[in-house]
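K.L.:
Predicted model and sequence follow; I will ask about them next.
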Amino acid sequence: MFKSAPKQTQAIFLGLFVAFLWSTSWVLIKFGLQDIPPLTFAGLRYGLATLCLLPFLLKPEIRTSISHLSRRDWLGLVLLGVLWYAAAQGAQFIGLKLLPAMTVSLFLNMTPLLVSILGIWALRELPGTLQWIGMVINLCGVGLYFFPAALQHASMTGILVILAGVAANALSTLLNRAINRGNQLPVIVVTTVSMGIGSVMLLVSGIIVQGMPAIPLKGWGIILWLAVINTALAFNIWNYTLRTLTAMESSLINSTMLVQVALLAWLILGEDLSGQQWAGIALAAIGVVLVQLKFKKKLKAQQEDGINK
């Protein structure tokens with residue numbers, strides 16, 4: 001499964017497909033939170049997704065890869081599980097419980113700026129001029145779409161939670177790129193091990209703090225769809241794209257969920273969009289396109305990920 005790195009164009013389209021799947025998650029999570037506490041909900045989603053992926057680890061070549069994992073490899077996978085799944089995803093579920101989806105999306109779309117700045121130092125991935133321009137246009141579109149509506153009636157606790165989630169999301173994006181770009185670890189190993197660690201943390205903390213409620217059939221249907229399609233499948237594809245895409249490129253593709261969530265909210269939830277919001281969506285989309293028109297510059301010390309090995 002996913003033995004070689006994808007070509008740039010293939011990676012972009014696969015990334016956009018995953019972003020679409022994750023966009024539908026926002027609608028499903030909002031429905032599911034009516035019956036399921038956020039941390040328990042997140043733990044069940046990622047726990048079931050991990051169970052779906054475990055059989056793939058039984059392949060002889062995968063078992064061999066796992067047996068050859070170094071202490072540094074294990075440390076990276078544990079940190080990825082803590083940051084990306086337990087912290088970032090946990091904060092997103094709690095944020096969606098405390099805040100409108102619009103507000104949560106606003107803050108999460110600030111991730112590319114943080115990723116781009118940190119990526120210069122952490123990964124030696126230097127964005128080109130056109131990429132910086134595209135990122136600024138993207139952020140202007142985000143601001144135009146959301147302000148001032150997104151921050152009205154916002155919970156300060158919710159804002160602090162989602163800001164912590166933004167930080168965890170940015171750090172996990174950098175770490176995920178660093179782990180995957182060398183093509184040394186099988187994608188299925190990266191996804192399953194890190195997800196398994198994060199899901200255990202989410203589920204245990206959720207049951208201790210929030211308890212295990214009686215979940216109706218509709219709730220289990222949402223959990224199963226999120227676990228199998230939007231998690232087990234989507235996260236494997238996403239990790240595969242990170243063998244090619246830079247941290248900044250992947251973060252900007254992820255931010256296209258702004259456009260997709262808005263459209264889904266309009267089509268499914270009946271939320272009307274103003275002219276200002278449509279203009280913001282257009283600017284955000286243009287920014288993403290500009291980022292992809294010019295690929296990253298590499299520092300001379302980077303010879304396809306010989307960094308920090």
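P.N.:
Looks like it arrived, so ask away. Source: prediction; values computed, not measured.

K.L.:
show me where the stretch 1-150 of the chain has helices.
P.N.:
8-32, 38-53, 60-67, 71-80, 90-98, 101-108, 111-122, 129-146 (DSSP state H, counting those that start in this stretch).

K.L.:
Contacts made by the longest one with the rest, please.
P.N.:
So the one you mean is helix 8-32. 5-6, 41, 93, 96, 101, 105, 218-219, 222-223, 225-226, 229-230, 233-234, 237-238, 240-241, 243-245, 249-250, 253-254, 256-257, 260-261, 264-265, 268-269, 292, 295 (C-beta atoms under 8 Å, 6 or more residues apart in numbering). For every residue, glycine as well, the C-beta is placed using N, CA and C.

K.L.:
mind listing what's buried in that helix?
P.N.:
For helix 8-32, the neighbour count (16 or more other C-beta atoms under 10 Å) marks 11-12, 14-30, 32 as buried.

K.L.:
cool, and the last one?
P.N.:
Neighbour-count burial for helix 129-146, counted by 16+ other C-beta under 10 Å, picks out 131, 134, 135, 137, 138, 139, 141, 142, 143, 144, 145, 146.

K.L.:
any idea of the angle it forms with helix 111-122?
P.N.:
150 degrees (axes from the mean of the first three to the mean of the last three C-alpha atoms, to 10 degrees).

K.L.:
list the helices and strands the helix or strand following helix 129-146 packs on?
P.N.:
Sequence order places helix 156-180 as the next helix or strand after helix 129-146, per DSSP states H and E. Judged by 3 or more C-beta pairs under 8 Å, 6 or more residues apart in numbering; DSSP states H and E, helix 156-180 is in contact with helix 71-80, helix 90-98, helix 101-108, helix 111-122, helix 187-210, helix 234-241, helix 247-254.

K.L.:
rerun that using 7 Å as the cut-off
P.N.:
When contacts are defined as 3 or more C-beta pairs under 7 Å, 6 or more residues apart in numbering; DSSP states H and E, helix 156-180 packs onto helix 71-80, helix 90-98, helix 101-108, helix 111-122, helix 247-254.

K.L.:
so which of those is the most packed in?
P.N.:
helix 247-254 (a mean of 26; mean count of other C-beta atoms under 10 Å).

K.L.:
Show me what that one is in contact with.
P.N.:
For helix 247-254, contacts defined as C-beta atoms under 7 Å, 6 or more residues apart in numbering pick out 12, 15-16, 19, 111-112, 115-116, 119, 123, 125, 127, 131, 135, 138, 173-174, 177, 241-242, 288, 291-292.

K.L.:
And the average pLDDT for it is what?
P.N.:
The predicted model gives helix 247-254 an average pLDDT of 75.

K.L.:
returning to that earlier point: using a markdown table, lay out the helices and strands packed on helix 156-180 together with distance to residue 213.
P.N.:
Shown next, in a markdown table, are the helices and strands packed on helix 156-180 (distance: least, C-beta to C-beta, whole Å):
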| stretch | distance to residue 213 |
| --- | --- |
| helix 71-80 | 29 |
| helix 90-98 | 14 |
| helix 101-108 | 22 |
| helix 111-122 | 31 |
| helix 247-254 | 31 |
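
K.L.:
closest one to residue 48 among those?
P.N.:
Smallest distance to residue 48 across the helices and strands packed on helix 156-180 (C-beta to C-beta): 14.8 Å, for helix 90-98.

K.L.:
quick one: which of the helices of the stretch 1-150 of the chain is nearest residue 209?
P.N.:
helix 38-53 (6.4 Å).

K.L.:
got the angle for that closest one vs helix 187-210?
P.N.:
150 degrees.

K.L.:
helices or strands up against helix 38-53?
P.N.:
Helix 38-53 packs on helix 90-98, helix 187-210, helix 217-227, going by 3+ C-beta pairs under 7 Å, 6+ apart.

K.L.:
Nearest to residue 160, out of the helices and strands packed on helix 156-180?
P.N.:
Of all these, helix 90-98 comes closest under C-beta to C-beta, at 9.6 Å.
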